[in-house]
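> Mind folding the following:
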Amino acid sequence: MKTARTILLCASLILGVLSSCGDLGDEIPAVPLLSTDEALFLHVTRTDPFSTYALFPNADSVTSGTLNGSTAHQPLVRVSMNAKALGAIRNGSLPPGARFPDGAVVFKEIIMNGRTVLYAVILKDSANPLSANGWLWAEHAPDGAPAFSVTRRGVGCVECHSREQGPAHDFVRTFERQR
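Numbers count the residues shown, from 1 in each chain. This is a model prediction of the structure:
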């Protein structure tokens, strides 16, 4: 009985302290701090699973070819986005001057000989110290093994995503593939 009262008292004290802090809602990040390749992979496979994402609007479900200045992600790609990213889109496009919100994910499956061999992931987290241009950049094998570490801060990715219409579309070049 004494233990139950102690727990209840502690819980009441904690709630009292939290309520006296004012509105904490603004201080809770849109995305938990993801600082490892494993954490990002778990995020896109379990927490916000890519299997629930929508195909990138007005783009072929599977695309071949390269964008100007890029030889990455060959030979075929399938690009999808989570609900948060899709919510930023208006009539199939990112409005001029708009940016994706934190928590947005653009997920690319690289397909070779009919099977997915690599996942390329960008997750918007502008406050994360590992982000470049507001995004976390990573690539994983389907089993989760890192192929391009999030700790590299987009080195090798940002250069291509900064070409052509990339900056106007918050560094998401798939807009250049739309029909």
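
> quick one: residue 99 is in a strand?
No: under DSSP: H, G, I helix; E, B strand; the rest coil, residue 99 falls outside any strand and is assigned coil.

> dump the residue contacts of the spatially closest residue to it that is not a sequence neighbour.
Of all residues not flanking residue 99 in the chain, residue 170 sits nearest, at 4.8 Å (Cβ to Cβ, 6 or more residues apart in numbering). In this view, the C-beta of every residue, glycine as well, is placed from N, C-alpha and C. Residues near residue 170 by Cβ atoms under 8 Å, 6 or more residues apart in numbering: 94, 98, 99, 100, 124, 133, 134.

> cool, residue 162 as well?
Taking Cβ under 8 Å, 6+ apart, one finds 133, 171 in contact with residue 162.

> got it, and residue 137?
121, 122, 148, 150, 152, 153, 154, 157, 158.

> Roughly how far does it sit from residue 54?
If you measure residue 137 against residue 54 using Cβ to Cβ, to the nearest Å, the figure is 21 Å.

> count of residues packed around the nearest residue to residue 35 once chain neighbours are set aside?
Of all residues not flanking residue 35 in the chain, residue 130 sits nearest, at 6.2 Å (Cβ to Cβ, 6+ apart). By the criterion of other Cβ atoms under 10 Å, residue 130 has 20 neighbours.

> Let me see the ranges of the helices in the protein.
Along the chain, counting by DSSP state H, helices occupy 2-20, 37-42, 83-86, 158-161.

> Thanks again, I'm all set now.
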